[in-house]
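Student: Just a sequence and a predicted model for now, questions to come.
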Amino acid sequence: MSRYFPLFVDLEQEKIVVVGAGRIAERRIRTLLSFDARITVLAPEATEAIKTWAEEGVLHWQQACWSQEAEKFLEGSLFVLSAADDSAVNEAVCSACRKRNIPVNCADDRTRCDFYFPGIAEGGGVTAGITAGGTNHRLAREATEKVRELLIKM
Ligand SMILES: C[C@@]1(CC(=O)O)C2=NC(=C\c3[nH]c(c(CCC(=O)O)c3CC(=O)O)Cc3[nH]c(c(CC(=O)O)c3CCC(=O)O)/C=C3\N/C(=C\2)[C@@H](CCC(=O)O)[C@]3(C)CC(=O)O)/[C@H]1CCC(=O)O
Ligand SMILES: NC(=O)c1ccc[n+]([C@@H]2O[C@H](COP(=O)([O-])OP(=O)(O)OC[C@H]3O[C@@H](n4cnc5c(N)ncnc54)[C@H](O)[C@@H]3O)[C@@H](O)[C@H]2O)c1
């Protein structure tokens, strides 16, 4: 069995920092917004959806590259997702978080993840978080789709 425990955390109004604002960041932000998290995004460029959320005040977009100065944005966050398309950036975010004991997830390297981002299935008042223990995101996706089909019928 995987060592990764599915902990269900109340995210309402919890600060979460996301570094990077591309395809993966957008997918994960969309999920986190549905759990009412308070999101700060740090990236020089963002997808149209993230720009729209920023314009609507749904999240805060700090339009900047990761830098030592940007470390101040990490303060008070429950966890951090680093999804820049630059492994040096994700690595720097990871060490800054670990220095502060903030759990961090780097989308490009499972060894720099204090937790994994799950596939989410919801329906009939049930929420499921699915992982293949970090070893197989395709299997996680397949299982998530099957659980979604099950929950739709509840
Ligand atoms: C479950 C899901 C949630 C989500 O991401 O929302 C998820 N990955 C998904 C999709 C996906 N991942 C990747 C592709 C593109 C390639 C392709 O098409 O095959 C696609 C497809 C796509 O993006 O469409 C590539 C990839 N993934 C990881 C690495 C780095 C590495 O393995 O070291 C690389 C190489 C990156 C690179 O090339 O640099 C790592 C992780 N991915 C995880 C979760 C974590 C636990 C996995 C587990 O449970 O075993 C883990 C370990 C850490 C984390 O990131 O938390 C979601 C499916 C569910 C859904 O879609 O509903
Ligand atoms: N874990 C997963 O599920 C998964 C799946 C596919 C890809 N990936 C990995 O996730 C990462 C992001 O992929 P993507 O498809 O979203 O990329 P993308 O190109 O769509 O987005 C990259 C984002 O990083 C930002 N960025 C670049 N340099 C930055 C810096 N210095 N500081 C802050 N932000 C910066 C860009 O502005 C952009 O918003 C890649 O490393 C990719 O290999 C992970």
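Tutor: Structure's in. What do you need? Predicted model, so just to flag it, every value in this text is computed and none were measured. Ligands and ions are numbered 1, 2, ... in the order given.

Student: got the residues of the chain near ligand 2?
Tutor: Residues of the chain found near ligand 2 (Cβ under 6 Å from any ligand atom) are 19-25, 42-46, 65-66, 83-86, 89, 107-108, 137. Every residue, glycine included, has its C-beta placed from N, CA and C.

Student: In helices, which of those appear?
Tutor: Members of the residues of the chain next to ligand 2 lying in helices (criterion: DSSP state H): 23-25, 89, 137.

Student: By neighbours, which of those wins?
Tutor: Ala25 (26 neighbours; other Cβ atoms under 10 Å).

Student: Now that residue. Nearest residue, chain neighbours left out?
Tutor: Counting by Cβ to Cβ, 6 or more residues apart in numbering, the nearest residue to Ala25 once its immediate chain neighbours are dropped is Ala83, at 4.3 Å.

Student: Give me the number of neighbouring residues for the residue in the chain that ligand 2 sits nearest to.
Tutor: Among the residues of the chain, Gly22 lies closest to ligand 2, at 1.8 Å counting by Cβ to the nearest ligand atom. Using other Cβ under 10 Å, Gly22 is surrounded by 16 other residues.

Student: What of Met154?
Tutor: When neighbours are counted by other Cβ under 10 Å, Met154 registers 9.

Student: Pull up the gap between it and Asp114, please.
Tutor: Distance of Met154 to Asp114, computed by Cβ to Cβ, to the nearest Å: 32 Å.
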